[in-house]
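Engineer: Here is my input, please return the structure:
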Amino acid sequence: MKRLPAALLVFVSLLLCLLPCASAEEGAVAVSGDYQYRVREDGTAELLRYTGEGDSLVLPADFGGAPLAVIGPNAFKSRNSLYSVVLPDTLSELGDYAFFYCRNLTSVNLPDSIRTIGRNPFAGCESLSSIQISPSHPCLSLQDGVLFSTPDARLVAYSMTRPRGEYTVPEGTKIIGAYAFNTCDTITGLTLPESVTSVGARAFYHCSRLASINLPDSISYLGSSAFSGCSALHSLSLPDTITEIGDGAFEDCTNLEQVVLPVDATSIGNRAFYNCSSLTQLQLPEGISSIGENTFAECRSLLEIVLPEDVTYIGGGAFRNCLSLKRINIPEDVSYIGSNAFCFCQSLESLEIPETCFYIGASAFQSCSALQEMVLPEMLNNISPLLLAGCVSLREVELPRRAAAIGDQAFLGCVSLTDIDIPGDVTSIGDMAFYGCAALERVFLPASLSHVGAGAFDRCPALSGLPDLSALSGGN
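Structural biologist: Numbers count the residues shown, from 1 in each chain. Next comes the predicted model:
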């Protein structure tokens, strides 16, 4: 069989890429060159993904005979080869984050046909300096390089190419849209009008030079990660109209020293104050009933915090690595303390856990090196792995009588622990449970014991009189 010449093969391949799909079933993903699309129920096309490496694109007005009406979410995400894009007059909707992180995109037009624009289509487009839009556009407006959606009075996108400085949001703006100022490192201060009622998710995400912002009393919604990474913020006061602090709201605000929370707030999300390493104290509203996962983790300067009486849940890692935390109250109705909740709280000297607590997760108090004594609540059925491992100052610990198992490495490296009574219902002691407890002199082992894990009492040089455990499954 004769081989086709190389040049002919290249020509055929290019031709196949350029030819549109002759017929696309409704809803099915079809391919036309570097474009993936689908035909919608109304007979129009939605562009799902651009896979090419072009620098200047003129988008087709139709795909497979279906007019292009929608550019879907993330359709051009991270296409760093793009410098300019021309959109067709058939387009009616520009989806969420359509050109997300197209870092070299400098120019785009927004035709009058667009009626709907999603969450900042140009988030992360750090080079975008030219948005062509007609002054009579029915749904969009451009004011000093800032893009607005007029039907919902929403600030859609703040230009990352604007000169460094402060910005005053125009009166009448109701919504600061999701990702509106995302990763903008030129804005240093922001003034919001009383008309603003909502701040979207990641609205000011990693605005690293944003040092001041007012939040008017009109605001009732603050989206997740709204101020995450705003490392220049030193203080902030939230209006009392906000009742929920979203996930990651102030994560990585490393210079934030003072926050005034709304008195009527009822929830604080996961990682809300994660790595706020300059925060020294915080007053929580009385209505808070739960502390989310990693909410205050890595707050290394936090000295003291008072938990409201309504708190019943402390999530995993909630206060992990709060190195300066010396005092904290655990409210009487707390029933759940998650894994790593107080891990590496090296200054925590004492802690009272209420009898209502029925679950304490793995490593909850690991490496709390200043903790000297611990009384575990009677409701606990098991001692979780690594629960008090590395608590080098721990001298006394009282285990719950109903406990049935002691987890792996639960007391590993508790070098000051001198004696311990294992409750009568315990049937299992995990691997290396008391490994390295150098001062341990006495252990009471109940008759119920049926399993002792490998190395459970290794490196305990002061321990004497320990019976032969080799008959137990996994003995030393």
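
Engineer: make it CA atoms for all contacts and neighbour counts henceforth
Structural biologist: Fine.

Engineer: What distance do you get for residue 141 to residue 183?
Structural biologist: Plainly put, residue 141 is 22 Å away from residue 183 if you go by C-alpha to C-alpha, to the nearest Å.

Engineer: So between these two, which is more surrounded?
Structural biologist: It is residue 183, of residue 141 and residue 183, that has more neighbours when counted by other C-alpha atoms under 10 Å, with 24 against 19.

Engineer: Please verify my assumption that the more buried one contacts residue 204.
Structural biologist: Yes - proximity of residue 183 to residue 204 meets the contact threshold set by C-alpha atoms under 8 Å, at 7.1 Å.

Engineer: In contact with the closest residue in space to residue 179 that isn't next to it in sequence, which residues?
Structural biologist: Once flanking residues are discounted, residue 179 sits nearest to residue 203: 4.2 Å by C-alpha to C-alpha, 6 or more residues apart in numbering. Contact analysis of residue 203 by C-alpha atoms under 8 Å, 6 or more residues apart in numbering lists 176-182, 223, 225-227.

Engineer: Looking at those, which is nearest residue 101?
Structural biologist: Residue 101 lies nearest to residue 182 out of the contacts of residue 203, by C-alpha to C-alpha, at 10.3 Å.

Engineer: tell me the secondary structure for the closest one?
Structural biologist: coil (DSSP: H, G, I helix; E, B strand; the rest coil).

Engineer: so it makes contact with residue 210?
Structural biologist: No - the pair residue 182 / residue 210 is not scored as a contact, 11.5 Å apart, by C-alpha under 8 Å.

Engineer: Have a look at those two and say which one is more surrounded.
Structural biologist: Neighbours per residue (other C-alpha under 10 Å) separate residue 182 from residue 210, with residue 182 holding more: 27 against 24.

Engineer: any idea what sits nearest that one, other than its immediate chain neighbours?
Structural biologist: residue 205 (4.9 Å).

Engineer: What is the burial count for the one you found?
Structural biologist: For residue 205, the count of nearby residues is 24 (other C-alpha under 10 Å).

Engineer: Equivalent analysis for residue 436, please.
Structural biologist: Neighbours of residue 436 (other C-alpha under 10 Å): 23.

Engineer: before we move on, which element is residue 259 in?
Structural biologist: strand 258-260 (DSSP states H and E).

Engineer: Give me the sheet partners of that strand and which way each runs.
Structural biologist: Here strand 258-260 is paired, per DSSP bridges, with strand 235-237 (parallel).

Engineer: Return the list of helices and strands in contact with the helix or strand following the partner strand.
Structural biologist: Downstream of strand 235-237, the next assigned helix or strand under DSSP H and E is strand 244-245. Strand 244-245 sits against strand 221-222, strand 267-268, with contacts defined as 3 or more C-alpha pairs under 8 Å, 6 or more residues apart in numbering; DSSP states H and E.
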